[in-house]
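Asks: Predicted model, plus sequence, below.
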Amino acid sequence: MPPGPDSRREPGLDQCRKALQGAGVIAPAPPPVRADYVRHDIDREIGQGWMDLYQVNHGILVGRSAYDLRPGSSKSADIEGLAGYFGLLISLSGTVSWKTGSAGDRLPACAVVLCPSQAPKKRAVYEWKDGCPFLGVGIMIPDGVMAEMMAESGPGNMFDPEIVLMDRGHGLHRQGVHTAHALLHASTATTVGRLHVESLALGLVALLAGQRGCAPNCPLPYRQRVAVDEVRHILHEEFAAPHTIASLARRAHLNECYLKSAFRCVTGRTIAAYLRGIRMDRAREAIESGRMNVLQAGLFVGYTSQSMFSAAFKAHYGFAPSCLK
């Protein structure tokens with residue numbers, strides 16, 4: 001995303017920065033070079049490393065952390081809902097535990113935590129461990145955007161208003177950890193790098209919106225649910241690739257017929273329709289943001305000609321992509 005002033009971006013970033021500064025984790029940062037990005041060094045009294053915050057489409061915030069605490073030190077902070085945001089928090093390494101009242105629970109080495117904005121706080125303790133820096137990613141989704149996605153994804157309950165640790169067997173855990181690793185290694189210094197960060201974050205957010213399980217009238221075995229999660233992750237990550245049912249079934253380790261029926265059960269759509277929706281949404285975002293013209297957007301999402309892309313776009317949205325200019 002190209003740099004430039006945009007006052008709509010500032011409140012969310014400022015809110016996150018104040019929360020981190022209030023916890024005594026980050027040092028004051030110099031004036032931001034870009035309105036959509038800020039990087040902080042960890043307070044030198046507790047360790048060394050960095051945190052950064054980047055705002056992508058729809059007001060979604062991406063935070064990344066990589067730091068070491070000083071030997072023998074620990075740092076406590078409250079994990080609680082950030083007002084107006086649904087949080088997806090992923091730790092990849094380091095020692096983190098949280099406490100509620102007198103009880104304490106140590107998080108696993110790789111943890112994926114859901115944190116709704118209204119969730120009651122929990123006390124988190126970050127401990128130094130030799131040779132094991134803390135690596136983590138947080139994705140904060142405005143409540144309004146989350147509500148819209150949940151409504152569009154079909155009938156079902158919203159996420160519980162509690163902080164939830166995702167089970168390691170859940171598809172979102174595997175996908176979250178994979179995406180977090182990629183986000184930590186992506187650069188925000190170049191246009192290509194920023195597009196990569198944006199793509200990774202939005203893909204995971206889209207998957208999160210569909211993680212309420214199957215419809216009550218469509219129960220599925222655990223293996224099939226995991227396979228559907230895996231295929232959805234592949235489609236969001238590799239939306240421009242020429243996928244086939246056979247290739248997806250092999251990667252998900254499930255029979256083709258079972259995969260097709262399970263996928264429709266969970267999503268209400270065929271695999272082809274689901275992929276087409278991802279491609280059209282990505283293309284529309286690219287055109288509306290001004291980053292790409294119609295031809296470039298079509299190539300970006302996997303179409304080999306502008307005419308084929310324009311026809312698919314019009315069939316999906318009811319108007320030609322040229323109308324977005």
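Replies: Perfect, I can see it now.
Asks: Just want the phi and psi numbers for residue 187.
Replies: phi -100, psi 140 (degrees, to the nearest 10).
Asks: likewise residue 254?
Replies: Note on residue 254: backbone dihedrals following degrees, to the nearest 10 are phi -140, psi 150.
Asks: Now it: closest residue in space that isn't a chain neighbour?
Replies: In space, and not counting its chain neighbours, residue 254 is closest to residue 227: 4.1 Å by C-beta to C-beta, 6 or more residues apart in numbering. (Glycine included, C-beta is placed from N, CA and C.)
Asks: How about residue 137?
Replies: Leaving aside its sequence neighbours, residue 137 sits nearest to residue 180 (C-beta to C-beta, 6+ apart; 4.0 Å).
Asks: got the contact list for residue 324?
Replies: Neighbouring residues of residue 324 by C-beta atoms under 8 Å, 6 or more residues apart in numbering: 284, 287, 288.
Asks: Check residue 255 too.
Replies: Taking C-beta under 8 Å, 6+ apart, one finds residue 249 in contact with residue 255.
Asks: For it, give its distance to residue 270.
Replies: Distance, residue 255 to residue 270, by C-beta to C-beta, to the nearest Å: 16 Å.
Asks: Show me the strands in the stretch 51-200 of the chain, by range?
Replies: With DSSP state E, counting those that start in this stretch, the ranges of strands along the stretch 51-200 of the chain come out as 61-69, 74-79, 85-93, 95-100, 103-106, 111-115, 122-127, 134-142, 164-165.
Asks: any idea which of those strands scores lowest on pLDDT?
Replies: Looking at these, the lowest mean pLDDT belongs to strand 103-106 (a mean of 50).
Asks: where in the stretch 201-325 of the chain is pLDDT low?
Replies: Scanning the stretch 201-325 of the chain with the threshold set as pLDDT under 70 gives 210-219, 325.
Asks: Repeat the analysis, applying 50 as the threshold.
Replies: Within the stretch 201-325 of the chain, the ranges that satisfy pLDDT under 50 run 213-217.
Asks: quick one, helices of it?
Replies: Using DSSP state H, counting those that start in this stretch, the helices of the stretch 201-325 of the chain run over residues 222-237, 245-252, 256-267, 271-288, 294-300, 306-317.
Asks: mind listing what's buried in the first one?
Replies: The reference is to helix 222-237. Under the neighbour-count criterion of 16 or more other C-beta atoms under 10 Å, helix 222-237 has 224-237 buried.
Asks: Packing partners of it?
Replies: helix 171-185, helix 191-209, helix 245-252, helix 256-267, helix 271-288 (3 or more C-beta pairs under 8 Å, 6 or more residues apart in numbering; DSSP states H and E).
Asks: residues in contact with the fourth one?
Replies: The list of residues contacting helix 256-267 from outside it, by C-beta under 8 Å, 6+ apart, reads 210, 214-215, 218, 220, 224-225, 227-228, 231-232, 245-246, 248-249, 252, 254, 269-271, 274.
Asks: angle of it against helix 222-237?
Replies: Angle, helix 256-267 to helix 222-237, by axes from the mean of the first three to the mean of the last three C-alpha atoms, to 10 degrees: 80 degrees.
Asks: now do the longest one
Replies: Taking the same axes, to 10 degrees, one finds helix 191-209 and helix 222-237 inclined to each other by 150 degrees.
Asks: residues in contact with helix 191-209?
Replies: Helix 191-209 is contacted by residues 1-2, 54, 56-57, 60, 62, 88, 139, 141, 146, 149-150, 152-153, 172, 175-176, 179, 182-183, 186-188, 229, 232-233, 236-237, 278, 282, 285, 291 when judged by C-beta under 8 Å, 6+ apart.
Asks: so when I look at residue 41, I'm seeing a helix, right?
Replies: No: using DSSP: H, G, I helix; E, B strand; the rest coil, the secondary structure at residue 41 is strand, not a helix.
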